[in-house]
Each structure stands twice: as structure tokens, then as C-alpha cells.
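A.B. asks: Need coordinates for the below:
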Amino acid sequence: MPVRKDDEVHIERITREKVNGSTVNVGINPSKVVITKLRLDKDRKSLLDRKAKGRAVADKDKGTKFTAEDIMQNVD
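C.D. replies: The predicted model follows:
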């Protein structure tokens, strides 16, 4: 399977020093990374809150498609 340069994650403070003395970022495979702390700015937090509110409304209506009265109306 070919590996592309785009398939790497670069993390702050993880660098390697080259032979000529310059530092370069070390690429890490995304499947080997675990998020331990999430830093949210206000825009991202408001987006997540908005999505959560929409999911709560959708979950409230879930399972109430038919009522007992609706079923009994169709029975002869």
C-alpha cells in the first residue's frame, strides 16, 4: 500500500534534528495517535452545542412514529 506524505500528522514539539543542524517535524501515522485533551475555541464549541441540540430534538421524536390510537384505527 503506498504511503503518501498527506497521511501524516505533525504534532508540536515533536521534531528531529537533521545532520546539518536544522530541525524538521516528524510525521506520525494518524492511527497511532490518541487525543488526550481537546482544546475548543468558542466557534467550535458553539458548533458542537448546536449539533447536540439538533440531535436531542431528533432523538425526542424517535420512537413516537405510531401511537396506540393510530394502530387501533386501522384494526377492524
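A.B. asks: longest helix anywhere in this structure?
C.D. replies: In the chain, taking DSSP state H as the definition, the longest helix is helix 42-61.
A.B. asks: Let me know the next secondary structure element after it.
C.D. replies: Per DSSP states H and E, helix 42-61 leads on to helix 68-73 as the next helix or strand towards the C-terminus.
A.B. asks: Sort out which residues of the helix or strand of the chain with the lowest mean pLDDT are buried, please.
C.D. replies: Within the chain, no helix or strand scores below helix 68-73, which has a mean of 74 by mean pLDDT, DSSP states H and E. Within helix 68-73, no residue is scored as buried using 16 or more other CB atoms under 10 Å. In this view, the C-beta of every residue, glycine as well, is placed from N, C-alpha and C.
A.B. asks: What sits closest to the most centrally placed residue in the chain if chain neighbours are left out?
C.D. replies: The residue lying closest to the centre of the chain (CA atoms, centre = their mean) is residue 48, at 10.1 Å. Closest residue to residue 48 in three dimensions, ignoring its sequence neighbours and counting by CB to CB, 6 or more residues apart in numbering: residue 40, at 7.4 Å.
A.B. asks: Okay, now the sheet partners of the longest strand seen in the chain, with direction.
C.D. replies: Taking DSSP state E as the criterion, the chain has its longest strand at strand 9-17. Strand 9-17 has its sheet partners listed here by DSSP bridges as strand 23-28 (antiparallel).
A.B. asks: Report the mean per-residue pLDDT for the partner strand.
C.D. replies: Here strand 23-28 scores 93 as its mean pLDDT.
A.B. asks: ok, and what's touching it?
C.D. replies: For strand 23-28, contacts defined as CB atoms under 8 Å, 6 or more residues apart in numbering pick out 5, 8, 9, 10, 11, 14, 15, 16, 17, 18.
A.B. asks: now could you export just the CA positions of that strand as PDB?
C.D. replies: C-alpha atoms of strand 23-28 as PDB (Å, rounded to 0.1, in the frame of the first residue of the first chain):
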ATOM      1  CA  THR A  23      15.000  20.800  12.800                       C
ATOM      2  CA  VAL A  24      12.200  19.100  10.900                       C
ATOM      3  CA  ASN A  25       8.800  18.000  12.100                       C
ATOM      4  CA  VAL A  26       8.300  14.200  12.400                       C
ATOM      5  CA  GLY A  27       5.300  12.700  10.700                       C
ATOM      6  CA  ILE A  28       3.200  10.300  12.700                       C
END
